[in-house]
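Student: Dropping the sequence and predicted coords here.
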Amino acid sequence: MNRPLPIKPIFVSWLLVVPLLAGCAVFQPTPADSPSMLPGRLAVHDNGRSHGVRADLPSGPLTIKQALAIAITNNPDIVASKWDIEAARAHKRYESSGYWPSLSINAAYRHNWHEERLVPARNQGLDATFTHDIFAGDLVLSIPLISGGRVMSAVAEADLMARASACRLARTKEELIFNVKSTFYSILGQIKMLEALEHSRMALDEHLQMTEALVAARKAAKVDLLNIEVRLAELNHRMVKQQGMVEISKRFLASLLGIEAIPEDGVMIEGKLSAGQKTPDSGQILSTVIETRQDMAEFVLQIQAQAKRVDIARAAYWPILSAKGTYGGRASAQGDYDDLGFAGIDLALPFFNGLSTIARVEEEQAKLQALRERKRKLALGIRREVESALIQMRTATSQVNATEKAIAKAEESLRIAREMTALGHGTAMDVLDAQAALLNAETRYFGALVDLHTSIALLNFTTGTTT
């Protein structure tokens, strides 16, 4: 039976509510460059800190431990990886929504060229309302019953990719730690080389004064003074160049730490380059490295996720069964109103879709095989990287031992040359050559120490450890 109802309030309400609901995203667009805070559930990956607060350089000298803590907090790659984890978790929640019923409100206005029934006929002999304009509003409920495993496989795939993102974050941290350590040790070595240059220049200044006294006493030629001054000019040039290298390295370290600008007073570095590192057993490392590498764990999870994508593609062969129900009203411009609704079961049986399902399954299976081969390539690369790091560590250890002995011999040679020159049995060039030999030995020694500590950091990186 038709029930008259004032149509203007309903019509005006829909005109106000629907545009407002649909236009929220339009009137409040998402800013492209606005910084956001990481959700609290990511605190486990951030040691309880929020990325809304950046870590600053300490007021005193910067140690390697402080540098690593600042880098893990500030580095953009680390922060981006944490947002990747949040995106993967949000995708899992999105796929999990397929288990739940969906409820929606549908509203429509239709103007018909010819008059149409307000609602379908129900019984013979009942009066029917015909109108050109129909206002419709429906409450629609849909409950998934059987989907051929689509939802289950999609949720499992999303969970695996979220776990893979966590492994990628761990590997990114390991790579960052290696880069910070290698840069930090390189700066320490450059500072030590700068100190060696300064020490050599002071020694040449003393030798210059002694030679001037010998020239005044007519025990040395003026050409010796010229040779010493030439060596001092070369040392000053090397010192200026070395200072520039130190400043460039410090700025690269600041970029790794996520520091936007170096303070005016510069960055002070504090640390030691010690020798005597023990080379670990290569056999034991190679037997466990595959299990400790986070990038290998990520690959395993990606392969498992790709297998789930194959299952998702195969699910298209199966029917979809769902329960549906609607309830709503129909109103005419003349004020007539009636309600209607239904409840039932929908079954969708795939019959023919142009062989797209077969092609999709073959595509996902091919991707799965490709990932398996890339995993095998990664395993081969891991073994090569670990073996190379072990060789570099052994080589650097041998270089440190050899250059230590070379420094001792160069110091003794310089002492003898100075004594011989003071007694008049040697020349200034003998002292200059001995001083240059000592400087070269010290330069090689500090370079070997940097190589040793860098090779240790590289071994930790290739084996998946952060110690």
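Tutor: Noted; the coordinates are in hand.
Student: contacts, neighbours, all on C-alpha from now
Tutor: Noted.
Student: For the stretch 101-250 of the chain, give me the ranges with low pLDDT.
Tutor: Low-confidence segments of the stretch 101-250 of the chain, defined by pLDDT under 70: 125-126, 219-220.
Student: ok, which stretches of the stretch 151-300 of the chain are strands?
Tutor: Listed in chain order, the stretch 151-300 of the chain contains no strands at all (DSSP state E, counting those that start in this stretch).
Student: Now do the helices for it: every range, in order, please.
Tutor: Assignment of helices within the stretch 151-300 of the chain using DSSP state H, counting those that start in this stretch yields the ranges 222-256, 282-292, 294-314.
Student: Run a quick check on residue 225 versus residue 212, I expect a contact.
Tutor: Yes: with contacts defined as CA atoms under 8 Å, residue 225 counts as touching residue 212 at a distance of 7.0 Å.
Student: Include mean neighbour count and distance to residue 389 when you put the helices of the stretch 151-300 of the chain into JSON lines, please.
Tutor: Rendered in JSON lines, the data for these read as follows (neighbours: other CA atoms under 10 Å; distance: least, CA to CA, whole Å):
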{"stretch": "helix 222-256", "mean neighbour count": "16", "distance to residue 389": "22"}
{"stretch": "helix 282-292", "mean neighbour count": "14", "distance to residue 389": "10"}
{"stretch": "helix 294-314", "mean neighbour count": "21", "distance to residue 389": "18"}
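Student: Show the pLDDT at residue 356.
Tutor: pLDDT, residue 356: 90.
Student: distance of it from residue 365?
Tutor: For residue 356, the distance to residue 365 (CA to CA, to the nearest Å) stands at 14 Å.
Student: So if I had to pick from these two, which one is more boxed in?
Tutor: With other CA atoms under 10 Å as the criterion, residue 356 and residue 365 differ in neighbour count, and residue 365 comes out ahead with 18 against 12.
Student: In terms of helices and strands, where is the more buried one?
Tutor: helix 356-422 (DSSP states H and E).
Student: circling back: out of the helices of the stretch 151-300 of the chain, nearest to residue 162?
Tutor: Closest to residue 162 of the helices of the stretch 151-300 of the chain is helix 294-314 (CA to CA; 9.2 Å).
Student: what's the closest one in contact with?
Tutor: The contact list for helix 294-314 (CA atoms under 8 Å, 6 or more residues apart in numbering) reads 149-150, 153-154, 156-158, 160-161, 163-165, 167-168, 170-171, 290-291, 357, 360-361, 364-365, 367-368, 371-372, 375, 378-379, 464.
Student: who's in contact with residue 414?
Tutor: By CA under 8 Å, 6+ apart, residue 414 lies in contact with 431, 434, 435, 438.
Student: Where does the spatially most central residue of the chain sit: helix, strand or coil?
Tutor: Central residue of the chain (CA atoms, centre = their mean): residue 77, 3.5 Å from the mean position. Of the three states, residue 77 takes helix under DSSP: H, G, I helix; E, B strand; the rest coil.
Student: one step back: what is the nearest of the contacts of residue 414 to residue 203?
Tutor: Of all the contacts of residue 414, residue 203 sits closest to residue 435, with 8.2 Å by CA to CA.
Student: count of neighbours near that closest one?
Tutor: 24.
Student: element containing it, please.
Tutor: Judged by DSSP H and E, residue 435 forms part of helix 428-463.
Student: ok, back up a step: and the helices of the stretch 151-300 of the chain as TSV, adding distance to residue 98?
Tutor: Putting the helices of the stretch 151-300 of the chain into TSV (distance: least, CA to CA, whole Å) gives the following:
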stretch	distance to residue 98
helix 222-256	42
helix 282-292	35
helix 294-314	13
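Student: nearest to residue 145, of these?
Tutor: Closest among the helices of the stretch 151-300 of the chain, using CA to CA: helix 294-314, at 16.6 Å.
Student: got the angle between that closest one and helix 428-463?
Tutor: Angle, helix 294-314 to helix 428-463, by axes from the mean of the first three to the mean of the last three CA atoms, to 10 degrees: 30 degrees.
Student: Could you work out the end-to-end span of stretch 91-103 for me?
Tutor: Start to finish, the residues bounding stretch 91-103 are 21 Å apart (CA to CA).
Student: Would you mark the buried spots in that stretch?
Tutor: 91, 92, 95, 96, 98 (16 or more other CA atoms under 10 Å).
Student: what does stretch 360-371 give?
Tutor: Neighbour-count burial for stretch 360-371 flags 360, 361, 364, 365, 367, 368, 371 (criterion: 16+ other CA under 10 Å).
Student: repeat for stretch 132-145
Tutor: In terms of neighbour count (16+ other CA under 10 Å), stretch 132-145 has its buried residues at 132-138, 140-145.
Student: got a list of contacts for that stretch?
Tutor: Under the criterion CA under 8 Å, 6+ apart, external residues in contact with stretch 132-145 comprise 11, 98-116, 118, 320-333.
Student: likewise stretch 317-328?
Tutor: Among residues not part of stretch 317-328, those counted as contacts by CA under 8 Å, 6+ apart are 136-148, 339-350, 357.
Student: Just list whatever residues bridge to residue 106.
Tutor: When bridges are called by DSSP bridges, residue 106 pairs up with residue 138.
Student: what's the answer for the one 10 residues further on, then?
Tutor: Using DSSP bridges, the beta-bridge partners of residue 116 come out as residue 131.
Student: OK, contacts around it?
Tutor: Counting by CA under 8 Å, 6+ apart, residue 116 touches 130, 131, 132.
Student: tally of neighbours for the closest residue to the first one other than its chain neighbours?
Tutor: Nearest in space to residue 130, with sequence neighbours left out and distances taken as CA to CA, 6 or more residues apart in numbering, is residue 117 at 4.5 Å. Residue 117: 13 surrounding residues under other CA under 10 Å.
Student: Make 11 the starting number, not 1.
Tutor: With 11 as the first residue, the last one maps to residue 127.
Student: Might one say that residue 127 is in contact with residue 138?
Tutor: Yes: counting by CA under 8 Å, residue 127 touches residue 138, with 6.7 Å between them.
Student: related to what we said a few turns ago, may I see the buried residues of the helix holding residue 445?
Tutor: Residues 438-442, 444-473 are the ones in helix 438-473 that count as buried (16+ other CA under 10 Å).
Student: Next, residue 360: secondary structure please.
Tutor: The three-state label given to residue 360 by three-state DSSP is coil.
Student: wait, it sits on residue 326?
Tutor: Yes: taking CA under 8 Å as the contact criterion, residue 360 and residue 326 are neighbours in contact, 7.4 Å apart.
Student: higher neighbour count, the two?
Tutor: residue 326 (20 against 12).
Student: mind listing what the closest residue to the more buried one other than its chain neighbours touches?
Tutor: Distance criterion CA to CA, 6+ apart; nearest residue to residue 326, sequence neighbours excluded, is residue 367 at 6.4 Å. Residue 367 makes contact with 323, 324, 326, 327 under the criterion CA under 8 Å, 6+ apart.
Student: State the distance from residue 425 to residue 296.
Tutor: According to CA to CA, residue 425 and residue 296 sit 48 Å apart.
Student: so can I have a markdown table of the contacts of residue 367 showing distance to residue 270 and pLDDT?
Tutor: As requested, the contacts of residue 367 are exported to a markdown table (distance: CA to CA, whole Å; pLDDT from 0 to 100):
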| residue | distance to residue 270 | pLDDT |
| --- | --- | --- |
| 323 | 47 | 93 |
| 324 | 50 | 93 |
| 326 | 51 | 90 |
| 327 | 55 | 91 |
